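Colleague: no sequence for this one, just the structure:
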């Protein structure tokens, strides 16, 4: 089987007529047919003939995309990881799916999610070792991209559901600034926290996808418009020609494996060797209060979202969702208002640190993917950035002693996605130079 093509590689070969769309899609289907019996990344896939009919012209011409199964698709069942919706086919596509189709892209299939993108794990396995979790809740998209079935997968993140599975599966995971990618037609976990993002196998691919699929008009109440991320030299993208990177120490660092600690240290040393200024930083306690505040927002909003599910289908709702809703129903409104106010305060307050640093470097997860499929991993190292909406990206960097991927997380200032992605490309090049 030929090595899998990255998104831009496939795009260029298709555009130059070096690769036929039908042949490329046939290769992707063949890879899925071979891997899916163990990988279980998809709930449903389109037959090859349907994929070939789907393809149109444009900058995503012939590119197959895995779409997380909380994102509406009019020609596939959108089950939301729940038996309640096992036969539900939406009447129209989610906004981001409409964009993909309009640009010539192909919806390869629906990728596995945990139940309503919360904790109850699906059957997907880690591409590097099938006895380990791929992470969640965007399990299927991360695994499908990591295994080479598709070059682009859509995910969502409310706490750590893009960054963590990207790290566990050894791919790039990009969570853009809150509100910058369309969410219309995506089943919510918590409206004040939900982000849509991308899995790719390179930073350049993530930047390309974001440019094409981001909001271009304020078509949602919380939508923001980020200007096109032009490919430019890092020196032009940064206000200071020497990249400034803050290495974050957190109150939760005792949860990190020694291998994960060494991975971040190694990344910092490579970046410093390549000319970056590296400095260890800490944040005041109010930022870490965000972890509990995120839990408040998620539970309070989930109680509203799932009220109808629990009334109509109590026997079909999993224990984790029931627990989340019960917590939300028990919360006083003033706790919710306080959490929203803290969210606004921290989004403004973090700007002080991004005046000193171009990006913040941290761990994306506690270490390698945990063994077993029931627990998708602790999102605590992603939660702050989901709470305040800053853009974040996971980059792979090496393997654990068990042969499982390890990586890092880079975080940028709110709405400064261009700077973050340029810094991520700089980091990726540093890492490749040493590999």
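Modeller: Great, that's in hand. For clarity, every value in this text was computed on a predicted model and none was experimentally measured.
Colleague: okay, buried residues for the longest helix anywhere in the chain please.
Modeller: Longest helix of the chain, by residue count under DSSP state H: helix 285-305. For helix 285-305, a neighbour-count test (16 or more other Cβ atoms under 10 Å) marks 287-291, 293-303, 305 as buried. (C-beta placed from N, C-alpha, C; glycine too.)
Colleague: and it, what other elements does it pack with?
Modeller: Contacts defined by 3 or more Cβ pairs under 8 Å, 6 or more residues apart in numbering; DSSP states H and E place helix 285-305 against helix 319-330, helix 333-349, helix 380-388.
Colleague: pLDDT of it, averaged?
Modeller: Per-residue pLDDT over helix 285-305 has a mean of 98.
Colleague: what about residue 183, how many neighbours?
Modeller: Residues lying near residue 183 (other Cβ atoms under 10 Å) number 22.
Colleague: name the SS class of it, please.
Modeller: coil (DSSP: H, G, I helix; E, B strand; the rest coil).
Colleague: about what we covered before: quick one: which of the helices and strands packed on helix 285-305 is nearest residue 134?
Modeller: Residue 134 lies closest, by Cβ to Cβ, to one member of the helices and strands packed on helix 285-305: helix 380-388, at 15.5 Å.
Colleague: what is the end-to-end distance of stretch 185-201?
Modeller: Stretch 185-201 has an end-to-end distance of 26 Å (Cα to Cα, to the nearest Å).
Colleague: report the buried residues of it.
Modeller: By neighbour count on 16+ other Cβ under 10 Å, the buried set for stretch 185-201 is 185-190, 192-201.
Colleague: which two in these are spaced the farthest apart?
Modeller: Using Cβ to Cβ, the buried residues of stretch 185-201 reach their maximum pairwise distance at 192 and 201, which is 31.2 Å.
Colleague: now do the closest residue to residue 243 other than its chain neighbours, the pLDDT please.
Modeller: Excluding its sequence neighbours, the residue lying closest to residue 243 (Cβ to Cβ, 6 or more residues apart in numbering) is residue 276, at 4.1 Å. On the pLDDT scale, residue 276 is placed at 97.
Colleague: just give me the closest of the buried residues of stretch 185-201 to residue 45.
Modeller: After measuring the buried residues of stretch 185-201 against residue 45 - Cβ to Cβ - the closest member comes out as residue 199, at 16.9 Å.
Colleague: tally of neighbours for the closest residue to residue 126 other than its chain neighbours?
Modeller: When the adjacent residues along the chain are set aside, residue 126 lies closest to residue 132, with 4.2 Å between them (Cβ to Cβ, 6+ apart). When neighbours are counted by other Cβ under 10 Å, residue 132 registers 21.
Colleague: ok, now residue 353?
Modeller: 16.
Colleague: can you check residue 54 too?
Modeller: Counted with other Cβ under 10 Å, residue 54 comes out at 20.
Colleague: surely it touches residue 104?
Modeller: No. The criterion here is Cβ atoms under 8 Å, and residue 54 misses it with residue 104 at 9.2 Å.
Colleague: what ranges do the helices span in the stretch 101-250 of the chain?
Modeller: Taking DSSP state H, counting those that start in this stretch, the helices of the stretch 101-250 of the chain run over residues 139-146, 163-169, 203-213, 234-237.
Colleague: wait, which of these is closest to residue 426?
Modeller: For residue 426, the closest of the helices of the stretch 101-250 of the chain is helix 234-237, at 5.0 Å, according to Cβ to Cβ.
Colleague: ok, and for stretch 395-408, which residues are buried?
Modeller: 395, 396, 397, 398, 400, 404, 405, 406, 407, 408.
Colleague: contacts only, for the residue nearest to the fifth one when sequence neighbours are not counted.
Modeller: What it means is residue 400. Closest residue to residue 400 apart from its sequence neighbours, by Cβ to Cβ, 6+ apart: residue 368 at 4.1 Å. Taking Cβ atoms under 8 Å, 6 or more residues apart in numbering, we find residue 368 in contact with 132, 168, 257, 259, 260, 400, 402, 404, 405, 406.
Colleague: same deal with residue 35?
Modeller: 41, 127, 147, 149 are the contacts of residue 35 under Cβ under 8 Å, 6+ apart.
Colleague: so, low pLDDT: which residues of the stretch 151-300 of the chain?
Modeller: Applying pLDDT under 70 to the stretch 151-300 of the chain flags the ranges 218-222, 226-240.
Colleague: and if we set it to 90?
Modeller: Residue ranges of the stretch 151-300 of the chain with pLDDT under 90: 216-242.
Colleague: now the strands: where do they sit in it?
Modeller: 152-157, 172-175, 195-200, 244-248, 277-281 (DSSP state E, counting those that start in this stretch).
Colleague: parallel or antiparallel, list what pairs with the second one.
Modeller: Taking DSSP bridges as the criterion, strand 172-175 forms sheet pairs with strand 195-200 (antiparallel), strand 392-399 (antiparallel).
Colleague: strands paired with the next helix or strand after the longest one, and their directions?
Modeller: Tracing the chain past strand 392-399, the next element assigned as helix or strand by DSSP states H and E is strand 405-411. The sheet places strand 405-411 alongside strand 359-362 (antiparallel), strand 392-399 (antiparallel), with pairing taken from DSSP bridges.
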